[in-house]
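Participant: sequence? don't have it. structure:
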C-alpha cells in the first residue's frame, strides 16, 4: 500500500496563497536531510503543486530505495550526494578561502563540505539554491552553526533569530488574516533592547511581505503601558520606542505598539478595558516576546494544546532565506515551511537590497 498522500490538498487559505505566488515564481529549496520519508513526501507534494523545485541531500541509493518502498514519486526532485557532487571541489576551495574557516575544528575543508548542512548552506550562499531547510533529523545547534559559518549575516540585524508562522482557523484572534507571526522562538535567550527592536522591525518586514499590507506588531510583556514598573517591562517599553524610531527613519509601513499584555494585543475586548478609547482596534499580526523562554513555551502550548498549525521557524538576519523545522515536524508542516521560505526568496532582494543575492 502506498504511503504517499495522493489526495493531499493545501489545508488553509494562507498555504493556497503561498502556492499561487510560487506557481508564478517557482524557487529551488534544498533540504539538507533528504533521507527522511516526511521530506520525500513533502518534496513530491511541492512538485505536484508546481510550487518548488526540491533538492534533497543524502545518499542517492538510500533516498531512491525509501521512495520506492513507500511509492513516493521522484519526478523533478533533484538528489545530491555532497561528496560525489561535481561542485564538491569548488565548494572546498571556497570554504578554504573563507576567513571563518580558521575557526572550524576540522582537518581539512573536504571534511566540512561533506556535511550536508554546510554543503546546502554553500549552495544557497553561492546561488545554486534559493532557500534552505533542515532540522528534521538533527539538533538545531549543528544546523545553525553551519548557517552562521557559511552564509553572510545582514549588517543591520544585531543577531540572527527565528520566526514561527502560526495558523488556526478554529482559534479566535489569530491575526487579522488568520496568520500570526511569533518571534524570537528559537535563538536569542535574553534579547537586549537593541535586539528586540531589530526583531520587531525584521519580523514586521516579513509580515508585510506575506500579508501585503502594514502589519500590527505587539511588543509583549506582563505589563501594559506602564501598569508595572519592573525592569523587564521597562525594557520592552524602551524596545518599542527604539523600534518606532528606526521604522520612522526607514519609512517602514509597520505599526508597533508596546509594552502590551498578550490579551490586550490579541483580544479587542481586553484592549477596550485596559486601554480606554481602544474600541474596535485590530488584533496584532506579530507578537514579539521578551525572551526565548516565553516565546518557545507559548509556541509549544499553542501548537500542542490549542492545535495551531505552525510553519517554520524562518531564520532572519542572514543574507539568504533559511528555515529550521523541528524533529517532530509533520509532512504538512514541512510542506508549508518550504512554501513559506520559498515565498520569502521571491522578493528577498527587495527586502534586503544590500545583499548580493
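Facilitator: Right, received. Where do you want to start? The structure presented is a predicted model; accordingly, all values stated were derived computationally and were not measured.
Participant: can you pull out the helices in the chain?
Facilitator: Ranges of helices within the chain are 13-24, 37-48, 60-69, 88-97, 109-113, 116-125, 140-150, 193-211, 231-249, 262-266, 268-274, 292-304, 331-346, 348-351, based on DSSP state H.
Participant: would you turn the ones you listed into a markdown table with mean pLDDT?
Facilitator: Listed next are the helices of the chain as a markdown table, based on pLDDT from 0 to 100:
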| stretch | mean pLDDT |
| --- | --- |
| helix 13-24 | 81 |
| helix 37-48 | 96 |
| helix 60-69 | 97 |
| helix 88-97 | 89 |
| helix 109-113 | 91 |
| helix 116-125 | 96 |
| helix 140-150 | 93 |
| helix 193-211 | 95 |
| helix 231-249 | 97 |
| helix 262-266 | 93 |
| helix 268-274 | 83 |
| helix 292-304 | 94 |
| helix 331-346 | 92 |
| helix 348-351 | 57 |
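Participant: which one of those helices lies nearest to residue 78?
Facilitator: Minimum separation from residue 78 across those (C-beta to C-beta) falls at helix 37-48, 9.6 Å. C-beta coordinates here come from the backbone N, C-alpha and C atoms, glycine included.
Participant: which secondary structure elements does the closest one sit against?
Facilitator: strand 27-31, strand 52-57, helix 60-69, helix 331-346 (3 or more C-beta pairs under 8 Å, 6 or more residues apart in numbering; DSSP states H and E).
Participant: okay, buried residues for it please.
Facilitator: Across helix 37-48, burial judged by 16 or more other C-beta atoms under 10 Å covers 38, 39, 40, 41, 42, 43, 44, 45, 46, 47.
Participant: contact partners for the third one?
Facilitator: So that's residue 40. For residue 40, the contacting residues are 34, 56, 63, 66, 67, 70, 72, 74, 77, by C-beta atoms under 8 Å, 6 or more residues apart in numbering.
Participant: for the residue nearest the centre of the chain, list each beta-bridge partner.
Facilitator: By C-alpha atoms, centre = their mean, the chain has its centre lying nearest to residue 314, at 0.7 Å. With DSSP bridges applied, residue 314 shows beta-bridge pairing to residue 163, residue 323.
Participant: now residue 287
Facilitator: Beta-bridge partners for residue 287, by DSSP bridges, are residue 182, residue 218.
Participant: what comes up buried for stretch 184-200?
Facilitator: 184-188, 191, 193, 195-200.
Participant: my error: substitute stretch 129-146 in the last question.
Facilitator: Applying 16+ other C-beta under 10 Å to stretch 129-146 flags 129-138, 140, 143-144, 146 as buried.
Participant: columns distance to residue 109 and mean neighbour count on top of the helices and strands packed on helix 37-48, output as JSON lines?
Facilitator: Output for those, formatted as JSON lines (distance: least, C-beta to C-beta, whole Å; neighbours: other C-beta atoms under 10 Å):
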{"stretch": "strand 27-31", "distance to residue 109": "19", "mean neighbour count": "25"}
{"stretch": "strand 52-57", "distance to residue 109": "17", "mean neighbour count": "25"}
{"stretch": "helix 60-69", "distance to residue 109": "23", "mean neighbour count": "15"}
{"stretch": "helix 331-346", "distance to residue 109": "27", "mean neighbour count": "25"}
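Participant: returning to what we had before: farthest-apart pair in the buried residues of helix 37-48, please.
Facilitator: Based on C-beta to C-beta, the longest span within the buried residues of helix 37-48 runs between 38 and 47 and measures 15.2 Å.
Participant: what's the neighbour count on residue 203?
Facilitator: Here the number of neighbours of residue 203 (other C-beta atoms under 10 Å) works out to 26.
Participant: for it, which non-adjacent residue is spatially closest?
Facilitator: Distances taken as C-beta to C-beta, 6 or more residues apart in numbering put residue 183 closest to residue 203, at 4.5 Å, once the chain neighbours are dropped.
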